[in-house]
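J.: Structure, please.
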Amino acid sequence: MSSTSPLAPNTPSTPSSLTAITTGISFKRQFKPYFTKRQLATLASLKKSGTLAVKENAARHTYCKFIQDVGKKLGFPQKTISTSQALYHRFYLYYSIRDYAPQDVSVTCLFVASKIEETIKKLKDIIVAVHSVKYPDKKELDPEQISDERRRRIINYEKLLLETLSFDFQLRHPYEYVIKFIKWIQAFQPTLDSKRLAQKAYSLAVDSYKTLVCIEYPAHTIAAGCIYLASRLLKDEDESFQGLSASEPWDQHFLSRMEDIEDVCQQILDLYIAINYRDVTHLTKIKIALNEQAQLRGPDNIMDDVTKEEVKLQTSDWEFDSASNPLDVVNTNQHTVSYHFSTC
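T.: Now for the predicted structure:
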């Protein structure tokens, strides 16, 4: 992602003026695979609208579900659909639903994801599927009736999306890790009901793309969170279920901080509570249990103070006095952008 604007590594936490960020006519962009909660809060605050943030949160779930439905209609594998949803989240880190219609952005994300995952579909086929999902009781859209103006708009959005990605298409998903982790666990915990656990964890991983965890954590941590939560949910449904042993150091086994695993769980639970999935009371109890577990364990003593501040979700300390802000400047064509690619 872009390392311009407030997320540049050497940028001070509180700029003295707007020009401290936007001086010059050249910007450097480099793909940023993951964002801390503080960075996400900063990007959200740059849009200068609390009401807009609420709308974007609501739209996130609606259109990620929409992408899922259209992807299934097109016969895309889950990997392509999840890539589309991840692209949607990344696009709206830097752009607003006020300026770019979520439906057209969703079409763009499906179009680009089909190329990334080599499950290519023509743009007209995607638009026909979108019409079918949106209007299931109406006659199928004739591809010849798709306006040139709409095609051009999607192509322009595609250019913006590719720039937002800094032309870096290395996206990893948690699904392969879910299978590998569970096979490994079963090797030393033979009583594990691996089939049920894998099915539930896979389902949670699919739903996790309706949240922002895919741009906060690497795929193996998301997989760990989904397995951990799946074990708790299945145990809540059936006390005889043989899930993860409570005595194992799962953070070490999954090569992830326990705080991160729990945060993945919490975000998925928040999603389910928001959409009234299952019995909200049971989901709330699991959330409380996770919070109590974290309090009992205490803070991570290995984490340095700077990282502790970065991972906190907090109100941004960035202030901008002028009508424009760094995102307004970066998201225009009034400058030169140089893209920097990882050499590893």
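J.: K122: how many residues sit nearby?
T.: A count of nearby residues for K122, using other CB atoms under 10 Å, gives 11. In this view, the C-beta of every residue, glycine as well, is placed from N, C-alpha and C.
J.: same question, the one 4 residues further on
T.: Burial of I126 is recorded as 22 neighbouring residues (other CB under 10 Å).
J.: again, but for L283
T.: Neighbours of L283 (other CB under 10 Å): 20.
J.: now K138: how far from V128?
T.: Noted for K138: a distance of 12 Å to V128, by CB to CB, to the nearest Å.
J.: go on, Q242?
T.: On the measure of CB to CB, Q242 and V128 end up 46 Å apart.
J.: which one of the two has more residues nearby?
T.: For Q242 versus V128, the count of surrounding residues by other CB under 10 Å is larger for V128: 20 against 17.
J.: That one: what's it in contact with?
T.: V128 sits next to E140, L141, P143, I146 when contact means CB atoms under 8 Å, 6 or more residues apart in numbering.
J.: So which of the residues you listed belong to helices?
T.: Within those, no residue falls in helices by DSSP state H.
J.: Narrow these to those that are buried.
T.: Among those, those buried by neighbour count (16 or more other CB atoms under 10 Å) are L141, I146.
J.: want to try JSON lines for the contacts of V128, with pLDDT and distance to Y95 as columns?
T.: Converted to JSON lines, these look like this (pLDDT from 0 to 100; distance: CB to CB, whole Å):
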{"residue": "E140", "pLDDT": "84", "distance to Y95": "31"}
{"residue": "L141", "pLDDT": "85", "distance to Y95": "27"}
{"residue": "P143", "pLDDT": "85", "distance to Y95": "28"}
{"residue": "I146", "pLDDT": "85", "distance to Y95": "24"}
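J.: export the contacts of V128 to CSV and tack on distance to T211?
T.: Below are these laid out as CSV (distance: CB to CB, whole Å):
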residue, distance to T211
E140, 33
L141, 31
P143, 34
I146, 32
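J.: Can you flag which of the contacts of V128 belong to strands?
T.: Residues of the contacts of V128 located in strands (DSSP state E): none.
J.: which among the contacts of V128 gets closest to A230?
T.: E140 (38.1 Å; CB to CB).
J.: now the helices for the stretch 101-250 of the chain?
T.: With DSSP state H, counting those that start in this stretch as the criterion, the stretch 101-250 of the chain has helices at 102-116, 123-134, 148-164, 175-188, 194-208, 219-237, 250-253.
J.: list the buried ones in the first one?
T.: Spelled out, it's helix 102-116. 102, 104-114, 116.
J.: swap in the longest one?
T.: For helix 219-237, the buried set under the neighbour-count rule, 16+ other CB under 10 Å, comprises 219-234, 236.
J.: next one: the fourth one
T.: Along helix 175-188, these residues count as buried under the neighbour rule (16+ other CB under 10 Å): Y175, Y177, V178, F181, I182, I185, Q186.
J.: Check stretch 156-174 too.
T.: Y157, E158, L160, L161, E163, T164, L165, S166, D168, L171, H173, P174.
J.: what's the answer for stretch 203-212, then?
T.: L204, A205, V206, D207, S208, Y209, K210, T211, L212.
J.: same deal with stretch 125-135?
T.: I126, I127, V128, A129, V130, H131, S132, V133.
J.: Quick check: the fourth one touching G75?
T.: The one in question is A129. No - with contact defined as CB atoms under 8 Å, A129 does not count as touching G75 (9.3 Å).
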